[in-house]
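A.B. asks: Turn this into a structure:
(chains A and B, ligands or ions: 2)
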Amino acid sequence: MTEQNPSWQRQLVVPILAVVLGLLAGALLILLTGDNPLTAYGGLMAGSLGSAEGIGRTLDKATPLVLGGLAVAFAFKAGLLNIGGQGQLLLGAVFAAWAGFDFDLPAIVHIPFALVIGGLAAALLGALSGYLKAKRGTHEVISTIMLNFVAANFTEWLVSRDGPWKDPDGGAIARTPAILPSAEFPRVGELPTGFLVAVLAAVVIWWIVARSTLGFEIQTVGANPNAARYAGISVPRIIIIAMTISAFLAGLGGAIQTQGVIGRFEPGFNTGLGFDGITIALLARTNALAVVPAALLIGGLDAGSTLMQSRTNVEPEIINVIQAFILFFVAAPSAVRWLLRLRNAADEPEVQLAGGWGA
Amino acid sequence: MAGDVLLEARGLTKRFPGVLANDSVDLLLHRGEILGLLGENGAGKSTLVKMLFGIHQPDEGDIYFKGQAVTNDGPGEAIARGMSMVHQHFQLVPPLTVAENIVLGNEPISRGFFNKRAAEKRVREISEQYGLTVEPTDVVGDLPVGIQQRVEILKALYRGAEMLILDEPTAVLTPQETDELLVILRQLAADGVGIIFITHKLREVLAVTDRVTVLRQGKGVGTAETANSTSASLAELMVGRSVVLRVEKDEAAPAEPVLIVNDLHVRDDRRQLVVEGATLQVRAGEILGVAGVEGNGQRELVEAITGIRPIDTGSAVVDGTPVGSKPRAVRELGVAYIPEDREKDGLVGGYSIADNLVLATYYEEPFASRGVRDFDAVAQQAEELVEQFDVRTPSINTPVQSLSGGNKQKVIVARELSKENRLVVASQPTRGVDVGSIEFIHNQLITARDAGAAVLLVSAELDEIFGLADRIAVIYEGRIVAELDPTTTTREEVGLFMAGGG
Ligand SMILES: Nc1ncnc2c1ncn2[C@@H]1O[C@H](COP(=O)(O)OP(=O)(O)O)[C@@H](O)[C@H]1O
Ligand SMILES: [Mg+2]
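C.D. replies: Ligands and ions are numbered 1, 2, ... in the order given. Alright, predicted model coming up:
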């Protein structure tokens, strides 16, 4: 195996402790605001896991998070920090909507067609960042952040008053027409099939990284680009491929959001989703399979926050605070170790996403 | 020669998790004496001197400096008592001048302000007293490594050092700079300074020390008078078996030219032309040794030949095919490359030995088919190569970053020389490698030659060039300025060409 990891049980220690500590910190805050943390967390649990409907909502929320998390984690294997998940997700969402309303195909073709169109549109954007990095030396953090603005404005224009994809029946609302039912991801009971696609993507990405020669090339470029070049690996080619696949994943997240949850493209519904990928990838320590539970956790917190608010007076913003705490504890395992006086955990690798800087 | 006892250590023991780095080591140093500390990589030399200097605390044992027991204190106290250490990585501030660096921490003050004039005067005095020429007003960052090292030594003298520890000071020096350093050390000793000189180069030990203490696997295996020692006797102490220092090789049987380099021009990373019209040929079955002071275009020359660096003008042709700028295409012509900087360019530190052994061939049968890796094949090859190339490791899954320098290099050598090659390009193949591994790597290069490969050896070590090369080419300022026959030329003649004379 390429990655020299400590046993996977040890790998789990820090994330699990981080979640526990994050929830404890949240409970303390809730106490301070005069509410009962047990009631609040009870509502959180009930809202996210207490019913079939709640579980469905959790899975819906988790789906773009899985794909956004995979996007960041995968690029990071090549030593790249893809901050462009938001823009890539928007492109995926709007192009999947177009493929969904403008084409009339049988469902068995239409669903994957719209999905892939969404993914490819985003992939092009990622390829551009990859190209700029590989051939022009533009740092991918800069180019992906800039392209987030480009994508946001471009997608907004597409559905604006003069935009080509504006819903003619939408009046003043900027949105595309609804996609045809044949392009919608069906639900099996409350289970959204789009979530299964996300899990499948996680397995495929894990396999590519761990088992394929492409994965070896990507990790080699990420670990030591000089040695990669000396060994005959084309570093520019790998950078472009890694950014393209990474953006494709983020685009799939946007497409499923359109095809499985919203049913059309409406800019406001996608705000911020792309940025959560960074949180998820950190929580999962850039392991593709671990991205799924990490996304379920964050998605579940989100899904349960409404019921929590209705049972107590706790504002749903507390969820963001809890997420921030969890992230802090994950990103700084030494802080966790210090807090818990954990000894002999010296071989715990620190995940440093910022390693992409200056490369 | 030797005066009173300056430092005595008895039974020093130091354990690190899982390693017994020093096992009851004794050491004795007199005033005015140069004591060589010799041992393979990982033998415990650095650990030993770090205990003397207060960086590490010994687990057991006693240290007496100037007759007084030294207990539990740090480098600050050691310096105050008159002991100084020149680390392999210099502790200098590049933007400051030579004088400022030397007085740093103990600046001459007048009326509450730093007196630069006084500092420069004092530095000039010491540098004249010990014959260590430096210009006090030069900015340290602009100076060559050899001079920076002098500044480090002057810093120690300025603080009144009676004892000086140098940890592998010559590893970063050119042959000329090394010779100059050895002269300086002799002068310091003549002035009464006691010196511990760490190296694993036997020639330097024989040239400059009075006595040698040899470490092997953390144990002191003996102390010898240098005058009564030979390379062979010291090498045997170091390695624990007899070592063939002179490389045994048959007469070369050169055949057709494999590599033809013609009027090659190559630029460095700052876009300066550093190879300016290099022309050379290497034939099948011979070793061409390229000698030169570092920084004369060697690095760029080999990088151009291996396709890693673009060629500006001119050509490099392997078996009739011009090399382009695709390292993989060059490899597939049958070119092996042992790069100069193994940690940076040759290995992925976090990868296992097995993965490093397929770093260039991971995509070929049997290590992969249709883009899917075959881990069994990778592991099987690793088991064979680790055995065949004598890589000392607990397992093939060990990350290479935890191996010693010599074993890291053996991993690269195994990867590059275990395949059939037309051309082997070896750049500083034994730098920082222990004697036992050097012998092994040299023999592997000879074996490659005898199997019919053309070998291009670039080395800053004249011993290595003379020991291995069938022909010598001297590179100076990006050109091959001389081609010499090692059986008829001398070190002095080669050195003269290296320095741009001749
Ligand atoms: N700080 C340290 N922590 C753990 N092991 C160490 C440390 N320093 C040295 N060692 C180990 O102690 C042994 C001796 O190392 P060292 O003194 O650096 O050898 P040398 O200088 O002769 O090459 C090696 O096995 C090395 O890995
Ligand atoms: Mg050392």
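
A.B. asks: ok, B:Glu364 - contacts?
C.D. replies: Applying C-beta atoms under 8 Å, 6 or more residues apart in numbering or on different chains to B:Glu364 gives no contacts. For every residue, glycine as well, the C-beta is placed using N, CA and C.

A.B. asks: How about the secondary structure of it?
C.D. replies: Taking DSSP: H, G, I helix; E, B strand; the rest coil as the rule, one finds B:Glu364 in the coil state.

A.B. asks: which intervals of chain B have sub-threshold pLDDT?
C.D. replies: Applying pLDDT under 70 to chain B picks out residues B:1-2, B:72, B:241-245, B:502.

A.B. asks: what about the residue nearest to B:Leu28 when sequence neighbours are not counted, which SS state?
C.D. replies: Leaving out its chain neighbours, the residue that sits closest to B:Leu28 by C-beta to C-beta, 6 or more residues apart in numbering or on different chains is B:Glu8, at 5.4 Å. Of the three states, B:Glu8 takes strand under three-state DSSP.

A.B. asks: Write down the beta-bridge partners of B:Glu8, one by one.
C.D. replies: Beta-bridge partners of B:Glu8, counted by DSSP bridges, are B:Leu28, B:Tyr64.

A.B. asks: what sits against it?
C.D. replies: B:27-29, B:63-64.

A.B. asks: So B:Val400 versus A:Leu128, what's the distance?
C.D. replies: Distance of B:Val400 to A:Leu128, computed by C-beta to C-beta, to the nearest Å: 36 Å.

A.B. asks: if you count what's nearby, which of these two comes out ahead?
C.D. replies: Remark: of B:Val400 and A:Leu128, B:Val400 carries more neighbours, 26 against 19, as counted by other C-beta atoms under 10 Å in any protein chain shown.

A.B. asks: correct me, but the more buried one touches B:Glu343?
C.D. replies: No - contact criterion C-beta atoms under 8 Å: B:Val400 and B:Glu343 do not qualify, at 9.2 Å.

A.B. asks: For the residue of the stretch 251-400 of chain B found nearest ligand 1, give its distance to chain A.
C.D. replies: With C-beta to the nearest ligand atom, the shortest gap between the stretch 251-400 of chain B and ligand 1 falls at B:Arg392, namely 11.4 Å. Here B:Arg392 is placed at a distance of 19 Å from chain A (C-beta to the nearest C-beta, to the nearest Å).

A.B. asks: same question, B:Gly218
C.D. replies: Separation of B:Gly218 from chain A (C-beta to the nearest C-beta): 23 Å.

A.B. asks: was I right about that residue contacting B:Leu20?
C.D. replies: Yes - with contact defined as C-beta under 8 Å, B:Gly218 counts as touching B:Leu20 (5.2 Å).

A.B. asks: residue in the stretch 51-200 of chain A nearest to ligand 1?
C.D. replies: A:Gly79 (27.7 Å).

A.B. asks: on contacts alone, who are the packing partners of the host helix or strand of A:Leu17?
C.D. replies: Using DSSP states H and E, A:Leu17 maps to helix A:8-32. For helix A:8-32, the elements it packs on are helix A:37-49, helix A:288-311, helix A:317-331, helix A:333-340, judged by 3 or more C-beta pairs under 8 Å, 6 or more residues apart in numbering or on different chains; DSSP states H and E.

A.B. asks: and these as TSV, adding mean pLDDT?
C.D. replies: What follows is the helices and strands packed on helix A:8-32, written out as TSV (pLDDT from 0 to 100):
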stretch	mean pLDDT
helix A:37-49	88
helix A:288-311	90
helix A:317-331	83
helix A:333-340	62
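
A.B. asks: Number of residues surrounding the residue of the stretch 201-350 of chain A at minimum distance from chain B?
C.D. replies: Nearest to chain B in the stretch 201-350 of chain A, going by C-beta to the nearest C-beta, is A:Gly232, at a distance of 3.2 Å. By the other C-beta under 10 Å criterion, the neighbourhood of A:Gly232 contains 22 residues.

A.B. asks: Is it in contact with B:Thr361, as I believe?
C.D. replies: No - using C-beta under 8 Å, A:Gly232 makes no contact with B:Thr361, being 9.0 Å away.

A.B. asks: To which secondary structure element type does B:Ala316 belong?
C.D. replies: Secondary structure, three-state DSSP: B:Ala316 is strand.

A.B. asks: Check B:Leu20 too.
C.D. replies: strand.

A.B. asks: residues touching it, list them.
C.D. replies: If you count contacts by C-beta under 8 Å, 6+ apart, B:Leu20 has them with B:13-14, B:218.

A.B. asks: What residues does chain B have near chain A?
C.D. replies: Residues of chain B lying near chain A by C-beta under 8 Å from any C-beta of the partner chain: B:306, B:308, B:326-328, B:330-331, B:337, B:339, B:344-352, B:355, B:359-360, B:362-363, B:368, B:371-373, B:375, B:397, B:399.

A.B. asks: Can you tell me which of the helices and strands packed on helix A:8-32 is most buried?
C.D. replies: helix A:288-311 (a mean of 23; mean count of other C-beta atoms under 10 Å in any protein chain shown).

A.B. asks: give me every residue that touches residue 93.
C.D. replies: All of this is about chain A. Shown in contact with A:Ala93 (C-beta under 8 Å, 6+ apart): A:118, A:155, A:254-255, A:257-258, A:262, A:265, A:270.

A.B. asks: look at chain B instead
C.D. replies: Contacts for B:Val93 (C-beta under 8 Å, 6+ apart) come out as B:100-101, B:104, B:140.

A.B. asks: Who wins on neighbours among those?
C.D. replies: In terms of neighbour count, B:Asn101 stands highest of the contacts of B:Val93 at 26 neighbours, by other C-beta under 10 Å.

A.B. asks: so that one sits in a strand?
C.D. replies: No - read with three-state DSSP, B:Asn101 is helix and lies in no strand.

A.B. asks: How about residue 46, nearest residue that isn't a chain neighbour?
C.D. replies: Since no chain was named, I'll use chain A. Excluding its sequence neighbours, the residue lying closest to A:Ala46 (C-beta to C-beta, 6+ apart) is A:Leu307, at 5.7 Å.

A.B. asks: wait, I meant chain B there
C.D. replies: Once flanking residues are discounted, B:Ser46 sits nearest to B:Asp167: 5.8 Å by C-beta to C-beta, 6+ apart.

A.B. asks: List the residues that contact the one you found.
C.D. replies: B:45-46, B:49, B:85-88, B:198.

A.B. asks: and B:Leu12, that's in a strand?
C.D. replies: Yes - when the secondary structure is assigned by three-state DSSP, B:Leu12 falls within a strand.

A.B. asks: Which residues are in contact with it?
C.D. replies: With C-beta under 8 Å, 6+ apart, B:Leu12 has these contacts: B:22, B:24-27, B:48, B:51, B:58, B:60-61, B:63.

A.B. asks: Now do stretch A:190-202: distance to the chain's middle.
C.D. replies: Relative to its chain's centre, stretch A:190-202 lies at 13 Å (C-alpha atoms, centre = their mean, to the nearest Å).

A.B. asks: Residues in contact with it: which ones?
C.D. replies: Contacts with stretch A:190-202, where a contact means C-beta under 8 Å, 6+ apart, come from A:52-53, A:55-56, A:59-60, A:62-64, A:66-67, A:70, A:115, A:185-187, A:249, A:252-253, A:256, A:259-261, A:288-289, A:291-292, A:295.
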